[in-house]
Structures are given as C-alpha cells and as structure tokens.
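In: here is the input, now give the coordinates:
(one chain, ligands or ions: 2)
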Amino acid sequence: MATGSIRAAAVGGSPSLNRPTQLSLSSKLPLHPSFSVSFLPRGGRHHHAAPLVAVVVRASLDAKPTVLVAEKLGEAGLSLLKDFANVDCSYNLSPEELCTKISLCDALIVRSGTKVSREVFESSAGRLKVVGRAGVGIDNVDLSAATEHGCLVVNAPTANTVAAAEHGIALLAAMARNVAQADASVKAGKWQRNKYVGVSLVGKTLAVMGFGKVGSEVARRAKGLGMHVISHDPYAPADRARAVGVELVSFDEAIATADFISLHMPLTPATAKVLNDETFAKMKKGVRIVNVARGGVIDEEALVRALDAGTVAQAALDVFTEEPPAKDSKLVQHERVTVTPHLGASTMEAQEGVAIEIAEAVIGALKGELAATAVNAPMVPAEVLTELKPFVVLAEKLGRLAVQLVGGGSGVKTIKVTYASSRAPDDLDTRLLRAMITKGIIEPISDVFVNLVNADFTAKQRGLRITEERVILDGSPESPLEYVQVQIANVESRFASAISDSGEITVEGRVKDGIPHLTKVGSFEVDVSLEGSIILCRQVDQPGMIGTVGSILGEENVNVSFMSVGRIAPRKQAVMAIGVDDQPSKETLKKIGDISAIEEFVFLKL
Ligand SMILES: NC(=O)C1=CN([C@@H]2O[C@H](COP(=O)(O)OP(=O)(O)OC[C@H]3O[C@@H](n4cnc5c(N)ncnc54)[C@H](O)[C@@H]3O)[C@@H](O)[C@H]2O)C=CC1
Ligand SMILES: O=C(O)C(=O)COP(=O)(O)O
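Out: Numbering: from 1, shown residues only. Ligands and ions are numbered 1, 2, ... in the order given. Predicted structure coming up:
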C-alpha cells in the first residue's frame, strides 16, 4: 500500500499573494461569519451513495449584509448590490468618518481615492469581510492588515484595461502635438502656430514599461500608429510579447533607446521611484514620458529637474504621488507637462464594466464564495475545488477533533498533516486543506475567525508550526486523496488512547461515498461518519457493550448515527466510536463513564 517518497514542507508565511490573471470560478468557503457551508447528501443523511449538494446556510436569514460604497460606482453595479444588500453610498468620507462607519459594514467598495488603512480594519472590529476595489491598483488598500483581519480583498482587474490603454495613447498623441497647451493658448485669445510645432510618432521607439493587460494594449495600438515598440517586464512571457510584435528588453536598454516611455507597471516597493535622477540620466536626451500607472513610480522632483535640464522634453501624467497634487506643484504647472486628474479608467463603458465586475465579486464573497479576483487569498481552480469539496469538510473536522483531544495544558505547537494519495505531489493542491485544518484547530480554542485568507497568518501568529507530508501510494489516482492524517506532537491527551505509538495525538480520516469518515484514532482503526458529534470510549472488548451504551443514549432520546469498534485483538482493548446527532446531557455522559468496562471516554463536538 503506502510506498514511495514523502515530501515535507513547513508552513509559516502569509498566504500567497500570487494569483493567476484569468480565473473563472468561485468556491464555497466560509468567508463571512454569518455564513457557513454544508455539503448535504440528497435524499436523506445516511443515503451515502447519493450525490452531494453544496448548501450555503446563512445563520441570520433576516440580516441583509451592509455594503458601504465609498466612491462613485456605475449604476448597473449599484443595482446588483441593492438586490442583495443594504447599500450605503457615502462619498468623500474623511478617514475618521470611514473608521466610524466601517464597524456597521460587511463590505466596502472603493476606487483609487480612498485609503483603506490598517485603522479601517481595526475599527471594523471583525465585521468587515470584503473590500472591493472597483479597478486594478490595490496600492490604496493595506493588504497585510486585510489579511491579518481575515478580510478578503477583491478587485476588478479587466474591465478598465482598454480605457486605461486608450488614455495612454490619448496622452501620447496629445503630448507629441501639444494639444493641451495649444488649446489653452487659443482659448486665451492667442494664435501661436510656430510655438506648438510637435513631433511625429511614426517610426519612433516606444518603451512600454510593464507588459501586462494595459501595457500590451498600449503596445498593440502604438504598433498601429507605426511606432517601433519595445518593452521591459521581468515577469511577462516573451512569446506573448512576440505575438504582438514586441521585443522584451532589459530596463537599461528600454530607457536608453526609447524616444517615448510609457509606464504600465504596478506601484510596488520594487517599482517605487524607478524613474529617478540616476535613471533619467541614462535616457536619450529629449525623451517623452507618459504615466497612466501610478504617480509613485516616478520621483516627481527628479522629473522636474530632468524637464528643466532638457533630458526629458515632455511628460504626460494621469497619476500623481499625492492625489490631488498640490495646487502649486511645479510638475503640474510645468509648461511641457500635460496632466489629467486620474482619468485612465473613466469612460462610461469602463465604469459600467468595473461596477458590475466588483459588485459580482463582492456579492459572491459575501455569499461565502471565493471570488475569482481575490487579491489576498490563494486561488484554487474550479476542477480542483469540486474534487476537494468533501476533503475540505474532512480536513476541518479532523482539525476540530484533534485539538479537542488535547489535555493537560501542554500547549499546541507542532501539527503534522499527512496526505496519502496516488497523485503526483504537483497534482494535489493542499493549500485549501491546510487552511481548513488550521481553521478546525484554532476556532474551537479561540474567538478568532479563521478562513482561507488568514489561516496561515493566524497559525503563525499563534506560534503553530504546521508541517505537511505526502505519502505517495501506488494505484490509480482517480480520487485526489486516500486519507488525511492530523497529528499534534508533544502534548498530553484527554483521551490517552488517541496518542499513537509514535507519541502524537493522531486522527485520520477518509472520504467514503462523498462523506467524510473518521477512520483512525491513535493506533485504533474505527469507522464513523463525521456528522453530528462523536463519543469515543476505550473499553475492554466484550459482548454487549454496544447495546449498553446505545440504550443509555436511547433513554435520553439521543439518536445514534454510527457505531464502530476498533480493537487490538478480540477481548483486548478496543476503542468504540459513536456518532450522535444531539449532545447528550452531563448525566448521560456520566452514566456511560460509569460502565465498568469503560476505561476512558470523551465527547467531541464536530
Ligand atoms: N490611470 C488609471 O486610471 C489606471 C491605472 N492603472 C494602473 O496601470 C497599471 C497596470 O495595470 P494592468 O496592466 O491592469 O496590470 P497588470 O498586472 O496586468 O500588469 C502589470 C505588469 O507590470 C509588470 N511588472 C511588475 N513589476 C514590474 C517591474 N519592476 N518592471 C516592469 N514591469 C513590471 C507585471 O509583470 C505585469 O505584467 C497598474 O498600476 C494599475 O493600477 C490601471 C487601470 C486604470
Ligand atoms: O484601476 C486602476 O488602477 C485605476 O487607477 C483606476 O482608478 P479609479 O477607479 O478611476 O479611481
């Protein structure tokens, strides 16, 4: 059976922030505290062969969530939101007003004009579960604080791409032909045809810095204008650039050879002030710069110096380090600078699209789905999710069981999870399972709400070290997993039999006909479906035990769903696992404990 390699990995960091650019699915995971997900068998709870149905349960059915829309959002998006939630459109809130309001909101929707700071998450006191950024750039949202507070951040990454690219091209052409300056001059009663002679675009080299969604659309359009387009993007696939007829080059080559530079990278620590005194000095004299990305990628004071020195002939800027910029900003007032007030995404079409995209993402997240555009949660593809659904439930329940077995104030620190599967390691994405085990372990012992967003962070914060191992089995890899084992090391147990021969609290489970089952406790093999709650008893194996315990429970009308006995050998020690639908009273549990053959027992809530 169990053969082959074992891979171990320690988990400690925050969840991956990487996500595929295209993803079209949502998972049903509890991201909102008033929502939970159950997977119920169709046609009765013990009809195990029946297909599973995912059911989203809202704890308080009358409590509509409240969504605060803090910046102007397209009507189509607002109307979707209003069908589902109480919508509070409050624009131009001060930071203090935002912090006050947020404690009454389940979701917040912003554009680039609202800083969603750590204070906002702290002020929400755990109620805020989703921040929707109606646009691309999430540099105005404190992602670390969101993650620490278990708050999902979603954006609308595609609907304004074309608008931003068109604005980039508009600025490029307007700058080259002095459109804004000439317009102001004519309106001031002048007719200065010689002063506003421009430069041509055709045949000039354009360096597109950042070959993502907007950058590639700008490149495509610039090619149509007859420009020679090169690009610098350390992460873009060369074949995607080649397909548009663009060569990817180094940063230095791009800035040194370009007649025009157009910026399309996100603002990150690596791109902050990437255009500065040093890099301006490497540029061709008379270079022209367009920025529709973020103001912070340019050192604005250095740009003023480069304009004054003639290194940079012109600049066209839609974005600024501080928005709005100071009225007396030298950069904004510069004669050879064309400016717009962050209009890249502002077309009727883009705003309609963005509003719908963000409304759907926020509603999905509030319903307990994981939106495709999540920024601070690991993404799990649709097919993987469908396959893993019953294992997701199993993982959480094993975590819950394992932690409830801890006793003696020993402190939970080291958790080992083993996944046994005939799949190759790369073929099994365990992030979701790890998050659910973490949820199962932490939630019964704290008031922290754990979800896919903050699971790794919360584990790290509590000093939990979770290591994952893979047991690779022979056989057909039809099912993603054979069993999952959760072990807690260096602890005592309330139920000594849960300690395996190797010294850890051990619980192991499998999925049978779509239903999660507990199949091992300590070194004892059992088989009980993980529904309702469980009583574990260690006893001397002898006839009549099942009947005795069953009738004590029956007296109190506690329905027994499953019973199974795992024993070392006939008439030796055995562990009996009893699944019960209801919680037995203390007296009933005491009566079970008083049965002379029962050496120890424990009641565990699932
Ligand atoms: N002015 C406006 O209204 C709008 C501004 N934007 C901004 O435009 C920028 C690009 O947006 P999208 O194309 O949608 O994003 P994207 O994520 O599709 O593309 C960004 C690209 O930049 C690349 N990149 C990352 N670090 C880089 C570096 N150090 N040097 C060069 N390239 C780097 C990435 O590999 C990626 O290909 C973002 O900052 C976004 O906020 C987007 C829409 C509207
Ligand atoms: O999507 C982006 O990154 C933008 O910069 C657009 O910003 P806005 O939504 O227009 O404030």
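In: what pLDDT does residue 41 get?
Out: Residue 41 is assigned 29 on the pLDDT scale.
In: sorry, slip of the keys, the one I care about is residue 269.
Out: Reported pLDDT for residue 269: 86.
In: that's a helix at it, yeah?
Out: No: applying DSSP: H, G, I helix; E, B strand; the rest coil, one finds residue 269 to be coil, outside a helix.
In: return the residues in contact with residue 495.
Out: Listed by C-beta atoms under 8 Å, 6 or more residues apart in numbering, the contact partners of residue 495 are 405, 407, 521, 536, 538, 600, 601, 602. For glycine as for every other residue, the C-beta is placed from the backbone atoms N, C-alpha and C.
In: do residue 345 as well
Out: 111, 135, 136, 160, 163, 164, 351, 354.
In: could you dump the contacts of residue 495 into a markdown table with secondary structure, pLDDT and distance to ligand 2 added?
Out: Formatted as a markdown table, the contacts of residue 495 follow (DSSP: H, G, I helix; E, B strand; the rest coil; pLDDT from 0 to 100; distance: C-beta to the nearest ligand atom, whole Å):
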| residue | secondary structure | pLDDT | distance to ligand 2 |
| --- | --- | --- | --- |
| 405 | coil | 95 | 49 |
| 407 | strand | 86 | 52 |
| 521 | strand | 95 | 52 |
| 536 | strand | 92 | 54 |
| 538 | strand | 90 | 60 |
| 600 | strand | 91 | 60 |
| 601 | strand | 90 | 59 |
| 602 | strand | 92 | 54 |
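In: show me the helices in the stretch 451-600 of the chain, by range?
Out: Assigned by DSSP state H, counting those that start in this stretch, the helices in the stretch 451-600 of the chain fall at 455-461, 545-555, 586-594.
In: please apply the same query to the stretch 251-400 of the chain.
Out: Using DSSP H, counting those that start in this stretch, helices in the stretch 251-400 of the chain cover 251-257, 277-281, 300-309, 330-333, 348-366, 382-404.
In: in CSV: those, plus mean pLDDT, distance to residue 206 and mean neighbour count.
Out: Shown next, in CSV, are these (pLDDT from 0 to 100; distance: least, C-beta to C-beta, whole Å; neighbours: other C-beta atoms under 10 Å):
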stretch, mean pLDDT, distance to residue 206, mean neighbour count
helix 251-257, 98, 10, 17
helix 277-281, 98, 17, 15
helix 300-309, 98, 18, 18
helix 330-333, 98, 22, 16
helix 348-366, 96, 23, 23
helix 382-404, 89, 38, 22
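In: and residue 91, which of these is closest to it?
Out: Residue 91 lies closest to helix 348-366 among the helices of the stretch 251-400 of the chain, at 14.3 Å (C-beta to C-beta).
In: same for the closest one, what does it pack against?
Out: For helix 348-366, the elements it packs on are helix 75-84, strand 107-110, strand 130-133, strand 152-155, helix 161-176, judged by 3 or more C-beta pairs under 8 Å, 6 or more residues apart in numbering; DSSP states H and E.
In: I'd assumed residue 560 was in contact with residue 579.
Out: Yes: contact criterion C-beta atoms under 8 Å: residue 579 and residue 560 qualify, at 6.8 Å.
In: ok, how many other residues are close to residue 67?
Out: 25 (other C-beta atoms under 10 Å).
In: over to residue 88?
Out: Residue 88 - counted by other C-beta under 10 Å - has 14 other residues nearby.
In: helix/strand/coil for the closest residue to it other than its chain neighbours?
Out: Closest residue in space to residue 88, ignoring its immediate chain neighbours: residue 68 at 5.0 Å, by C-beta to C-beta, 6 or more residues apart in numbering. Using three-state DSSP, the structure places residue 68 in strand.
In: so where's the stretch 51-200 of the chain shaky on pLDDT?
Out: Scanning the stretch 51-200 of the chain for pLDDT under 70 picks out 51-62.
In: which bits of it sit near ligand 2?
Out: Within the stretch 51-200 of the chain, the positions adjacent to ligand 2 are 111, 112, 113, 134, 135, 136, 137, 160 by C-beta under 6 Å from any ligand atom.
In: pLDDT wise, what is the closest residue to residue 584 other than its chain neighbours at?
Out: Once flanking residues are discounted, residue 584 sits nearest to residue 558: 4.9 Å by C-beta to C-beta, 6+ apart. pLDDT, residue 558: 88.
In: same check, this time on the one 4 residues further on
Out: pLDDT, the model's per-residue confidence, is 81 for residue 562.
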